[in-house]
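**Q** Sequence first, then the predicted structure:
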Amino acid sequence: MGSGPAFPGLPRGCPGAPKPDQKRRRTHPPAAFKKPAHLTHAPGFPIFRPRAETDGGALPSCGEPRPALRIAPDTADPGAYGMNIVIVESPAKAKTINKYLGRDYEVFASFGHVRDLPAKDGSVDPDDDFAMRWEVDSKAAKRLSDIAKAVKDADKVILATDPDREGEAISWHVLEILRAKKVLKDKKVERVVFNAITKSAILEAMQHPRQIDDALVDAYLARRALDYLVGFNLSPVLWRKLPGARSAGRVQSVALRLVCDRETEIEKFVTREYWS
């Protein structure tokens, strides 16, 4: 075994450094040795390292004061970063995504749609530019309160519902409710989408945020208005005339119109003899 300094930071020639012909002795602590509590690293607190480890500087020579200690960048205080609230649809997805994103994110699930048009007159008013009056689902009210409470103390809100039209609508509904509760203030709001629940897909989506797509929201609003104005009024007729029928929506209503128009043409048809 070659000779060397007793301590890595103590150059030769300093008091306590071994002589050139002196072999290094290896000592072992007693079996009952226990590191004092004040020297034990506690989770959540930074580890202090000398500048030579963090900055790449050289160790001091004999008699030179040792450098000040600095916090290693990879062990910074977790409280230095604000919390980001992520909102998804599925609670199962929420747990997985939270694991991928880490401790600086808190993921909440909306459990699908949070509000809808109540099945009563006046929910859609064609005379008032098709104004729509929404009603929050009773089960969703508690979840929305929890989300609003978390958003109040957060730095950023990330809407990560599904990438289709319904997912865009859910993000829009949640955003409107948070605005009504006045918890957003000047917080940053982002919309992210992903097509796979994998760590790489989630992290990639977080690097490319966007705003809510107004075109998709308008398409959803038109669909719901037609559902209400056509389907809600036509469904009771089907229930009376066709026992067992469930409801009449947008597609069923158009198909019924085509069938009725064709049936009317057949009834009005007058037979007439002709020769070719």
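**A** Arrived safely.
**Q** Setting aside sequence neighbours, what's the nearest residue to Ala205?
**A** Closest residue to Ala205 apart from its sequence neighbours, by Cβ to Cβ, 6 or more residues apart in numbering: Phe194 at 4.0 Å. All C-beta atoms are positioned from the backbone trio N, CA, C, and that covers glycine.
**Q** Equivalent analysis for Glu204, please.
**A** Glu204 sits nearest to Phe194 (Cβ to Cβ, 6+ apart), 7.4 Å away.
**Q** so the one you found touches Leu203, yeah?
**A** No. Between Phe194 and Leu203 there is no contact under Cβ atoms under 8 Å: 9.4 Å.
**Q** who touches the lengthiest helix in the chain?
**A** Longest helix in the chain by number of residues, with DSSP state H as the criterion: helix 250-268. Helix 250-268 is contacted from outside by Arg223, Leu226, Asp227, Val230, Gly231, Leu234, Ala248, using Cβ atoms under 8 Å, 6 or more residues apart in numbering.
**Q** mind saving the C-alpha coords of it as PDB?
**A** Only the C-alpha atoms of helix 250-268 are listed here, as PDB (Å, rounded to 0.1, in the frame of the first residue of the first chain):
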ATOM      1  CA  ARG A 250     -78.700  14.800 -32.400                       C
ATOM      2  CA  VAL A 251     -78.100  11.800 -34.700                       C
ATOM      3  CA  GLN A 252     -81.300  10.100 -33.900                       C
ATOM      4  CA  SER A 253     -83.200  13.300 -34.600                       C
ATOM      5  CA  VAL A 254     -81.800  13.800 -38.000                       C
ATOM      6  CA  ALA A 255     -82.400  10.200 -38.900                       C
ATOM      7  CA  LEU A 256     -86.000  10.500 -37.700                       C
ATOM      8  CA  ARG A 257     -86.500  13.600 -39.800                       C
ATOM      9  CA  LEU A 258     -85.300  11.800 -43.000                       C
ATOM     10  CA  VAL A 259     -87.600   8.800 -42.300                       C
ATOM     11  CA  CYS A 260     -90.600  11.100 -41.700                       C
ATOM     12  CA  ASP A 261     -89.900  13.100 -44.800                       C
ATOM     13  CA  ARG A 262     -89.700   9.900 -46.900                       C
ATOM     14  CA  GLU A 263     -92.800   8.500 -45.300                       C
ATOM     15  CA  THR A 264     -94.700  11.800 -46.100                       C
ATOM     16  CA  GLU A 265     -93.700  11.500 -49.800                       C
ATOM     17  CA  ILE A 266     -94.900   7.900 -49.900                       C
ATOM     18  CA  GLU A 267     -98.300   8.900 -48.400                       C
ATOM     19  CA  LYS A 268     -98.700  11.800 -50.900                       C
END
